[in-house]
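*Asks:* Give me a model of this one.
(one chain, ligands or ions: 1)
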Amino acid sequence: AKKIVIVGGVGGGSTVASQIRRLDNQAEITLFERGANIAFSNCGMPYFIGGTVPVRDDILPDVEKFAKKYNVDVRIHSEVTQIDRTKKSVTYQNDSGKYEEPYDVLILSPGAHASVPPIKGLTEQNTFTLRTIPDMDRINAFINENNPQTCAIVGGGFVGLEMAENIRDRNIDCCIIDHSEHVMTLVDSDMAAHIHDHLDEKGVQLFLNTSLDSFANHGRTLHLNNGKSLETDMTILAVGIKPNTELAKQADLSLGETGAIHVNEFMQTSDPAIYALGDAAETPDFLTGAPSNVALASPAHRQAYIIANHLHHTPIRYQGALGTSIVKVFDLTVTSTGHTSESLKQTSFQFQTVTHEALSNAGYFPGAEKLSIKILFARETGTLLGGQVIGGKGTDKRLAVLATAIKGGLTVADLTELELGYAPPYSSPKDPINIIGYKAVDALNKN
Ligand code: FAD
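*Replies:* Next up, the predicted model:
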């Protein structure tokens, strides 16, 4: 039987283990995870802190059950520290010592770590990042034990925005500090304005074009680059992540332009016996083919499927990621797929944009909610390149339609023809997606 060793047991690692088992009941699968948990939902952590998910174990599957269900030799608290490619073995370390484990195939899904900029005065006591379960537990314990009244969140990406809502749910005042001119760089600035207004309504103060210079007073005073200071009881740093590439580097595997692990279309690294996936891997952008490092759960799951099939002699090429994302910001759903105006400016595409303000469904039907939609498309052909939808109910549906349309290579004219299903509680006879299609066709005709 083939001996498969997996490094990392969460988003990519546990998924690839279960996918391999579905196709091959002979393979010997060993999974190393340096933490205490596997197959858990990173994505659920903010909601445990906020209390929406009240039971900690609900985001933490039982290790034994997983091991038994998929017949995987799971070794938690075991960190892989070295790869010997000539011997085809890994060295791992746990509480009782250092050991070696041979492999025929090695799969790396070590994820990423939260960036912590070298800020003067940073203290461990009341400053946090959120990437792992111990991070989550530290934040939760700090809130329970210290009853903080204020929290500063540095970084307005999806983790920062989700934490703003969850921190408010704990009755803690919070503000967001971001060095950009708008939060959530996955949407254009005109769309981000909706998020800014909503944060304002929810009492979250925003400091844009602002960065944190230093901490003072044991992490309780933040000196900002605009000369002002803020007093806070706790700070969450959500300024981005970096792929975990130490093992790959040490084993002399190629890294890509983004700094993540280079892989081919079957997710093989520069050593064909070693695969990589998830946040640590560099994959092509779906539209441009440019190297990208998308740190989201669904690409990791797709990549796991591709690896399992490749090992099972069914080659399926990974087509690249669109980076479709969705995030809840209090009562607003914020979504994007494909490219933004900023990212398209880095490509050779000549593009155009159209926006549309709509209602989720027939206005006379109770409960209709506002939606703002923006699409980005090629000036010559009308091919869709990006979509952003922000609003209330039905936002996720329009995002999903746009993401599917981009994947299918559809044009704005195709959007006018989609039959998306109408009854007053759900939509209008012309869905907002049809209407934005018509608007875009008009715009193209005027060129
Ligand atoms: P991970 O899931 O992070 O797993 C990597 C694992 O490898 C870690 O457990 C680590 O301990 C282990 N490891 C690393 N090095 C070693 C070693 N040398 N030896 C042994 N073990 C090792 N994505 C979405 O699509 N939607 C969301 O709503 C969403 N929300 C998120 C919220 C938060 C707070 C965070 C942090 C992430 C969120 N993500 C979300 C991102 C998503 O969780 C990741 O894209 C996904 O988990 C990636 O899987 P991965 O296997 O690459 O990395």
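
*Asks:* Near the residue of the stretch 251-400 of the chain found nearest the ligand, how many other residues are there?
*Replies:* Residue nearest to the ligand within the stretch 251-400 of the chain (CB to the nearest ligand atom): G278, separated by 2.1 Å. To be clear about C-beta, it is placed using only N, CA and C from the backbone, and glycine gets the same treatment. A count of nearby residues for G278, using other CB atoms under 10 Å, gives 33.

*Asks:* what's the answer for F215, then?
*Replies:* The number of residues near F215, taken as other CB under 10 Å, comes to 20.

*Asks:* heads up, I number from 23, so please use that
*Replies:* Sure, I'll start counting at 23 from here, so that last one is F237.

*Asks:* what about the closest residue to it other than its chain neighbours, neighbour count?
*Replies:* Of all residues not flanking F237 in the chain, G143 sits nearest, at 3.5 Å (CB to CB, 6 or more residues apart in numbering). Using other CB under 10 Å, the number of residues around G143 comes to 15.

*Asks:* Same check on the one 3 residues further on?
*Replies:* Residue crowding around E146 was assessed by other CB under 10 Å; the count is 8.

*Asks:* Retrieve the pLDDT associated with it.
*Replies:* pLDDT, E146: 82.

*Asks:* quick one: it and H99, what's the gap?
*Replies:* Using CB to CB, to the nearest Å, one obtains 22 Å as the distance from E146 to H99.

*Asks:* What parts of the stretch 73-222 of the chain come near the ligand?
*Replies:* E101, V102, S131, P132, G133, L152, R153, V181 (CB under 6 Å from any ligand atom).

*Asks:* any idea which of the residues you listed has the most stuff around it?
*Replies:* In those, the most neighbours by other CB under 10 Å go to S131, 30 neighbours.

*Asks:* Let me see the ranges of the strands in the stretch 173-322 of the chain.
*Replies:* 195-199, 227-229, 234-238, 243-246, 251-253, 256-259, 263-265, 283-284, 296-298, 303-306, 313-314 (DSSP state E, counting those that start in this stretch).

*Asks:* what residues are up against L53?
*Replies:* The contact partners of L53, by CB atoms under 8 Å, 6 or more residues apart in numbering, come to V27, I28, G31, G35, S36, A39, I60, V94, D95, V96, R97.

*Asks:* circling back: which two in the residues of the stretch 73-222 of the chain next to the ligand are spaced the farthest apart?
*Replies:* Using CB to CB, the two most remote members of those are V102 and V181, lying 26.0 Å apart.

*Asks:* how many neighbours does A384 have?
*Replies:* When neighbours are defined as other CB under 10 Å, A384 has 16 of them.

*Asks:* which residues does the closest residue to it other than its chain neighbours contact?
*Replies:* Nearest-residue entry for A384: P446, 3.9 Å, with adjacent residues in sequence omitted and distances by CB to CB, 6+ apart. Taking CB under 8 Å, 6+ apart as the criterion, P446 is in contact with N383, A384, Y386, F387.

*Asks:* what's the distance between the nearest residue to I155 once chain neighbours are set aside and N47?
*Replies:* In space, and not counting its chain neighbours, I155 is closest to N59: 5.5 Å by CB to CB, 6+ apart. N59 is 26 Å from N47, where distance means CB to CB.

*Asks:* What of L183?
*Replies:* Taken as CB to CB, the span from L183 to N47 is 43 Å.

*Asks:* For the ligand, what's the nearest residue on the stretch 73-222 of the chain?
*Replies:* When scored by CB to the nearest ligand atom, the stretch 73-222 of the chain has G133 as its residue closest to the ligand, at 2.7 Å.

*Asks:* pLDDT score assigned to the residue nearest the centre of the chain?
*Replies:* Ranked by distance to the mean C-alpha position of the chain (CA atoms, centre = their mean), the top residue is L318 at 3.4 Å. The score at L318 is 97. That number is its pLDDT.

*Asks:* Likewise for the one 3 residues further on?
*Replies:* What the model reports for P321 is a pLDDT of 98.

*Asks:* residues contacting it?
*Replies:* So P321 contacts G300, T305, A343 (CB under 8 Å, 6+ apart).

*Asks:* what's the closest of those residues to N248?
*Replies:* Closest to N248, out of all of these and judged by CB to CB, is A343, at 36.0 Å.
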